[in-house]
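Colleague: sequence first, predicted coordinates after that:
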Amino acid sequence: MAGRFSMDISRFVNRTRMTMNEVVRGAMYGLAARVVMTTPVKTGKARGNWVMKMDGVYEKVQTGVLDKSGDHSLDRIAQALEAFEAGKTKNIWLTNTLPYIVMLEYGWSKQAPAGIVRMALLTFNGVKVHDIGITR
């Protein structure tokens with residue numbers, strides 16, 4: 001699967017003349033945006049705790065970050081993606097360290113009964129070209 005994904009991205013880069021960095025940043029932002037915006041909102045804590053990091057997991061809980069709109073989290077994610085470098089970055093991690101995020105992922109909230117990350121990953125193959133241009 002990884003080989004096919006790499007070939008598809010390479011073809012896309014060649015056709016659009018976008019750099020590999022732009023394509024990966026845009027695709028990852030699109031995926032992260034789906035995760036953030038489908039995270040159930042009561043206080044905004046769960047939505048405000050999504051963090052992206054290159055080559056390592058962010059382990060601190062974002063205490064006091066209330067983000068009902070998701071804008072703060074998405075800004076933080078876009079900023080983190082600027083550190084991505086094709087050929088150098090090995091992993092991109094999207095994490096949420098709230099103790100109850102696993103319960104939300106597995107249907108604890110009626111707002112996302114089928115999950116958050118799992119649903120975003122199911123639709124990831126359907127990332128559209130306009131989604132990829134988000135960070136440009």
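Modeller: Yep, it's here.
Colleague: what helix or strand does L94 sit in?
Modeller: Following DSSP states H and E, one finds L94 within strand 92-96.
Colleague: list the buried residues of that strand.
Modeller: I92, L94, T95, N96 (16 or more other CB atoms under 10 Å). Glycine gets a C-beta too; all of them are placed from N, C-alpha and C.
Colleague: check the secondary structure at the residue nearest to T123 when sequence neighbours are not counted for me.
Modeller: Distances taken as CB to CB, 6 or more residues apart in numbering put R34 closest to T123, at 6.7 Å, once the chain neighbours are dropped. Secondary structure for R34, judged by DSSP: H, G, I helix; E, B strand; the rest coil, is helix.
Colleague: thought L122 was touching R34, still the case?
Modeller: No: at 9.9 Å, R34 does not count as touching L122 under the criterion of CB atoms under 8 Å.
Colleague: more neighbours, these two?
Modeller: R34 (20 against 12; other CB atoms under 10 Å).
Colleague: quick one: low-confidence parts of this protein?
Modeller: Scanning the chain for pLDDT under 70 picks out the ranges 1-10, 12-18, 125-136.
Colleague: contacts for the next helix or strand after the strand holding L94 next, please.
Modeller: Using DSSP H and E, the helix or strand that follows strand 92-96 in sequence is helix 101-105. For helix 101-105, contacts defined as CB atoms under 8 Å, 6 or more residues apart in numbering pick out T39, P40, A46, N49, A112, G115, I116, V117, R118.
Colleague: and the helices in this protein, which stretches?
Modeller: 2-16, 20-38, 45-48, 71-81, 101-105, 117-122, 129-132 (DSSP state H).
Colleague: between strand 92-96 and the longest one, find me the angle.
Modeller: Which is helix 20-38. Put simply, helix 20-38 runs at 10 degrees to strand 92-96, going by axes from the mean of the first three to the mean of the last three CA atoms, to 10 degrees.
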